[in-house]
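Colleague: This is the structure alone, sequence omitted:
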């Protein structure tokens, strides 16, 4: 286990029910190309790209959704706008689409999606919902406490992703999730080892602990003096809890939206 919290329970590796398929969280060719174009500029600003999606049919107006954050977490709507102003000229020059498109830049928000392996390590101890691209022992959806990450023996279908031919010693990364009520044969608590390559969607669940962590981070950031030398007030609780009402992916945090016209 890596970056877990406290004493970790043993973990179970579930059997696959069918041949492995590519996870839907893996960026497509167009997304990978755009990430390659804009990532150096975004990282030079001190931010990182959490996720990039292209929404809409190619013959319609498409939307480029960029979710960004600081490596240590915490990004403001003004910083989203700054990223948008930096990325927009790059896209103008590269001209990724033949028609008009909309550019959206957002923060991950509080109940954020978990996209990268380091996201699960960063939020160990918090509750998450995980959906797999294929069932493990007849089950696709899991909800439990993140217990860090580990490496497990890869199934035959996953071994091809390792260096070299298929072999019994191939390893793959897994997310450990302690699911309430799940116990081993001896009655002890266990955590499921979910292959990272099979995670199609995962996000944090809004809990008091997660809200308290977000409020503490905002309070720390707010301890800056304004122009009059006054200490900025802590954010109101409702400003934090308000994120619970954000249902859409790009409404999980502040969003900067810019419409771009081709030509």
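Modeller: The structure has been received and is ready for your questions. Please read these numbers as outputs of a predicted model, since none were measured by experiment.
Colleague: For stretch 66-82, measure first residue to last.
Modeller: Using CA to CA, to the nearest Å, the gap from the first to the last residue of stretch 66-82 comes to 13 Å.
Colleague: Buried ones in that stretch, by neighbour count?
Modeller: Neighbour-count burial for stretch 66-82 flags 66-69, 75, 79-82 (criterion: 16 or more other CB atoms under 10 Å). Bear in mind the C-beta positions are built from the backbone N, C-alpha and C, glycine included.
Colleague: and if you look at stretch 120-139?
Modeller: Going by 16+ other CB under 10 Å, stretch 120-139 has these buried residues: 120-134, 136.
Colleague: Now the two most distant members of those.
Modeller: 125 and 134 (27.5 Å; CB to CB).
Colleague: Which residue is the nearest non-sequential neighbour of residue 115?
Modeller: In space, and not counting its chain neighbours, residue 115 is closest to residue 51: 5.0 Å by CB to CB, 6 or more residues apart in numbering.
Colleague: Name every strand pairing with the helix or strand hosting the one you found and say which way it goes.
Modeller: According to DSSP states H and E, residue 51 maps onto strand 48-55. Strand 48-55 has these partner strands in its sheet, going by DSSP bridges: strand 62-69 (antiparallel).
Colleague: so for the strand holding residue 51, what's the average pLDDT?
Modeller: Confidence for strand 48-55, expressed as mean pLDDT, is 92.
Colleague: Which neighbouring elements make contact with the biggest strand by length in the chain?
Modeller: Assignment by DSSP state E gives strand 139-153 as the longest strand of the chain. Identification of packing neighbours for strand 139-153 by 3 or more CB pairs under 8 Å, 6 or more residues apart in numbering; DSSP states H and E yields strand 11-13, helix 117-122, strand 127-136, strand 171-183, strand 189-195.
Colleague: Using TSV, please lay out the ones you listed together with mean pLDDT and distance to residue 45.
Modeller: As requested, the helices and strands packed on strand 139-153 are exported to TSV (pLDDT from 0 to 100; distance: least, CB to CB, whole Å):
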stretch	mean pLDDT	distance to residue 45
strand 11-13	57	38
helix 117-122	93	19
strand 127-136	94	28
strand 171-183	88	29
strand 189-195	86	33
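Colleague: Nearest to residue 145, out of those?
Modeller: strand 171-183 (4.6 Å).
Colleague: hang on, the earlier thing: from memory the residue nearest to residue 115 sits against residue 114, does it?
Modeller: No - Residue 51 sits out of contact with residue 114 when judged by CB atoms under 8 Å, with a separation of 10.1 Å.
Colleague: neighbour-wise, which of the two wins?
Modeller: residue 114 (25 against 21; other CB atoms under 10 Å).
Colleague: That one touches residue 205, doesn't it?
Modeller: No - with contacts counted by CB under 8 Å, residue 114 stays clear of residue 205, the gap being 10.8 Å.
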